[in-house]
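> Make a model of this:
(chains A and B)
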2 protein chains.
Amino acid sequence: MDTKKLRVNGKRLKSTLEEMAKIGATSGGGVQRLTLSDEDQKARDLFLNWLRELDLEIVVDEMGNIFGKRKGKNNRLSPVLSGSHIDSQPRGGRFDGILGVMGALEALRTIHENSIETQRPLMIVDWTNEEGTRFSPAMLGSGVWAGKLDRDWAYDRTDIHGKKFGEELIRIGYRGERKAKRWAVQAYYELHIEQGPILEKEGKNIGIPKGIVGIYWYDIYIEGKANQVGPTPMEGRNDALCTAAEMILKVNELPAKMGGNMVATVGKIQNYPNSRNIIPDRVDFTLDIRSWDDNLAIRGWKDLQKDFGRIAKRRGCPVRIEKTWSLKPTAFDEKLVKRVGKTSQELGYSIRPMLSGAGHDAAYLSQVAPTAMIFVPSIGGRSHVEVENTRREDCEAGANVLLHCLLQSAFEV
Amino acid sequence: MDTKKLRVNGKRLKSTLEEMAKIGATSGGGVQRLTLSDEDQKARDLFLNWLRELDLEIVVDEMGNIFGKRKGKNNRLSPVLSGSHIDSQPRGGRFDGILGVMGALEALRTIHENSIETQRPLMIVDWTNEEGTRFSPAMLGSGVWAGKLDRDWAYDRTDIHGKKFGEELIRIGYRGERKAKRWAVQAYYELHIEQGPILEKEGKNIGIPKGIVGIYWYDIYIEGKANQVGPTPMEGRNDALCTAAEMILKVNELPAKMGGNMVATVGKIQNYPNSRNIIPDRVDFTLDIRSWDDNLAIRGWKDLQKDFGRIAKRRGCPVRIEKTWSLKPTAFDEKLVKRVGKTSQELGYSIRPMLSGAGHDAAYLSQVAPTAMIFVPSIGGRSHVEVENTRREDCEAGANVLLHCLLQSAFEV
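As a prediction, this is how the structure comes out:
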């Protein structure tokens, strides 16, 4: 048959997403499926059932990454891989991650029911712990698989209750025997929601990221001096919270100061002793800086450090800074990126070249294999929240683009 | 005997304070004796034992306020009352509150062992829940006793675990039968640490507050819009934490802007969802404004509200404000205040007229009886912290002033 005419089943994709969204459903219409939780386990079980219906060869590796392989004509050729992650943010949305896995499933179902025989094997994947919310850092599963993170170090990551990643992996029965070690991949495609407002605002169907911005994570610790608020004059106070407030505003002003092309955010703050009538003597906060231009990010951070130092000195509140994680900007494979754009247009979808502001498993994948991503619009640009949403037609469009990119790569010899 | 020559036993006062500080002792050298906790119960039991040694008539009222009465020659005359509170801040100090109770106990011990017969009865008191940290608001026991707060409303106050004040009072066995209802008091004296830096800085022995500043408590709620930090441009963000940071700095600048004679503090802040890579969509913080000049406090707050409104509008983050508690400035009884000063000087102590920046049970007492306070220096001005400290000689000096003020009032007919 003429594979050009193949289209995914948008209805089926929708009902598959809805079925999956029942696992860990929250009262606000989102999902909470934290890595290696009971909900993650149930979702994995359901995913495996669906893989079995397609007669895929299933492998779970020692990081809990789940692979399903559909044979091609020549199984000595490297496979074409696609997927994303099943885990979610706390009180997160119904599309982040899971759309990329269910989209790849829908593409495989379409290929399966049309009995298409590809040259290369096709593989679907669920990467473990992309979000990094329960176990930090993010993208542990793909990071170990790609050889960028150490397996035993990953096993030792703990959640806030002190439970270890490695132990929880065993508890839910998803520590496989196969080594989590990269192999040759012909192409990796990841379908994902944009998580930003651009596609919706500009009325475009498909976002074509040329890469993922660089990400820098820091933890900031400020030390003040506690005292009863009433009898302590304003002069001579060492208020850790006021110190933090000044720094937070500097962070917020940084991107404009550096001329744009950057975002900088404080998402988390902890104040101590956090009592109404005691001057705060300790504040910890997190800092997230992202830019496609790595030099700009580095210069911005240097500038910010100077500001932090000045503020800390003036307020008599020493500051300590820890760099907790970073990811250099990732450029995707030019040929694949072009293919995603061309395929989209051939299918009649409007496209928008862009950047990915969020980290994805594709960042690690692109270090070991030709990689590209396919973005679909996020309603209101909202993500990591329960109201996160993407229209049915947009999910379908993204899956169609994925289907045809997979087919093109899978017929390459 | 000539009561003029009476002096308290500084050594005994010190060892009494040390004995009491063992109950709820913290690793950092402070105490944690939260209202109606097991530690509060133990401290009350010990206090009662000490009262019994002095053959006092003991009454526990329905608010758990503990009174010990020493008869005078004419027991139809209204009594002279002194005390403070046994409860402490979380990880608080060894002097705040308890010094006033143990100081009064030491004065009574001195009077007892010298077999002084006063005209009027003398009474010692421990007021329940002065701190207001476990159950808000502060000064519940004296407030109900003075007729300014409702008993059943007080019983319904809950701690963060949902436990009710009334139930916890029964649990520790300190809900008495006597009504918590004010009676005629000839004079109320409260010995307390300054909780500020002035006495130490100026090398004075005794602080003579002419009253307690007015206190206004507000809760501020800011609503933002959550989003993944990476793909969300800086423009168009509704960041609740940045909004709060601007407001916190306005609070910090307010006293200087209003020309001094005021303190304004944000002590507590809660950020949501408080995740490293999500733009905060809700921040709650507390505001505490204090001034002796009530008009200034009111004008300052109006000014601040305008600033809050402007900031909220500009950042697209609606703000909601709740007034949670307030206390008008309290002027102490002029005659008693003069007596505290004169008595201190006669005893050879240097004095410093001042204001109390912190609320005390004396605020409610002064609304129903002639009231004065006696302040002793806080080392480094530190209070509500584990390192809170006052020199032995200063504790002794304060107790001597209290002793002689009590005697003067108790011989009045």
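
> can we go C-alpha only for contacts and neighbour counts from here?
Will do.

> tell me the mean pLDDT for stretch A:202-220?
Confidence for stretch A:202-220, expressed as mean pLDDT, is 96.

> List the buried residues of it.
A:204-220 (16 or more other CA atoms under 10 Å in any protein chain shown).

> can you check stretch A:166-177 too?
Quick answer for stretch A:166-177 (16+ other CA under 10 Å): A:166-169, A:172, A:174-176.

> Contacts for that stretch, please.
Stretch A:166-177 is contacted by residues A:36-38, A:41, A:59-64, A:154-157 when judged by CA atoms under 8 Å, 6 or more residues apart in numbering or on different chains.

> hey, where'd the strands end up in the stretch 251-400 of chain A?
A:263-265, A:269-272, A:282-291, A:319-327, A:330-331, A:351-356, A:371-376 (DSSP state E, counting those that start in this stretch).

> which SSE is residue A:55 in?
Counting by DSSP states H and E, there is no helix or strand that carries residue A:55.

> Share the number of residues neighbouring whichever residue of the stretch 51-200 of chain A sits closest to chain B, please.
Nearest residue of the stretch 51-200 of chain A to chain B (CA to the nearest CA) works out as residue A:196 at 4.7 Å. The burial count assigned to residue A:196 is 26, neighbours taken as other CA atoms under 10 Å in any protein chain shown.

> do residue A:257 as well
12.

> Also residue A:78?
Residue A:78: 17 neighbours (other CA under 10 Å).

> Return the distance of it relative to residue A:188.
Computed as CA to CA, to the nearest Å, the residue A:78 to residue A:188 distance reads 11 Å.

> ditto for residue A:79
Relative to residue A:188, and taking CA to CA, residue A:79 is found at 9 Å.

> same check, this time on residue A:330
14 Å.

> more crowded one of these two?
Comparing residue A:330 with residue A:188 by other CA under 10 Å, the one with more neighbours is residue A:188, at 26 against 21.

> Scan the helices and strands of chain A for the one with the lowest mean pLDDT.
strand A:319-327 (a mean of 93; mean pLDDT, DSSP states H and E).

> what residues does that strand touch?
Residues from elsewhere that reach strand A:319-327, judged by CA under 8 Å, 6+ apart: A:137, A:214-223, A:308-309, A:312.

> so who does the residue of chain A most remote from its centre touch?
Centroid-distance maximum for chain A: residue A:231 at 48.9 Å, with CA atoms, centre = their mean. Listed by CA under 8 Å, 6+ apart, the contact partners of residue A:231 are B:194-197, B:356-358.

> and if we set it to 7 Å?
B:195-196, B:356-358 (CA atoms under 7 Å, 6 or more residues apart in numbering or on different chains).

> quick one: low-confidence ranges for chain A?
Scanning chain A for pLDDT under 70 picks out the ranges A:1.

> For residue A:259, see how far away residue A:47 is.
Counting by CA to CA, the gap from residue A:47 to residue A:259 is 45 Å.

> Which one's more surrounded, the two?
The neighbour count for residue A:47 versus residue A:259, taken as other CA under 10 Å, is higher for residue A:47 (18 against 9).

> Can you pull the residues of the stretch 201-350 of chain A lying near chain B?
Selection of the stretch 201-350 of chain A residues close to chain B by CA under 7 Å from any CA of the partner chain yields A:226-234, A:242, A:245, A:248-249, A:263, A:265-269, A:271, A:274-280, A:286, A:290.

> ok, back up a step: helices - which of the buried residues of stretch A:166-177 land there?
Those of those mapping onto helices are A:166-169, per DSSP state H.

> Doesn't residue A:201 belong to a strand?
No - with DSSP: H, G, I helix; E, B strand; the rest coil as the criterion, residue A:201 is located in helix rather than a strand.

> For it, give its distance to chain B.
12 Å (CA to the nearest CA, to the nearest Å).

> same check, this time on residue A:236
Distance from residue A:236 to chain B, counting by CA to the nearest CA: 10 Å.

> Using the three-state scheme, assign that residue.
coil.
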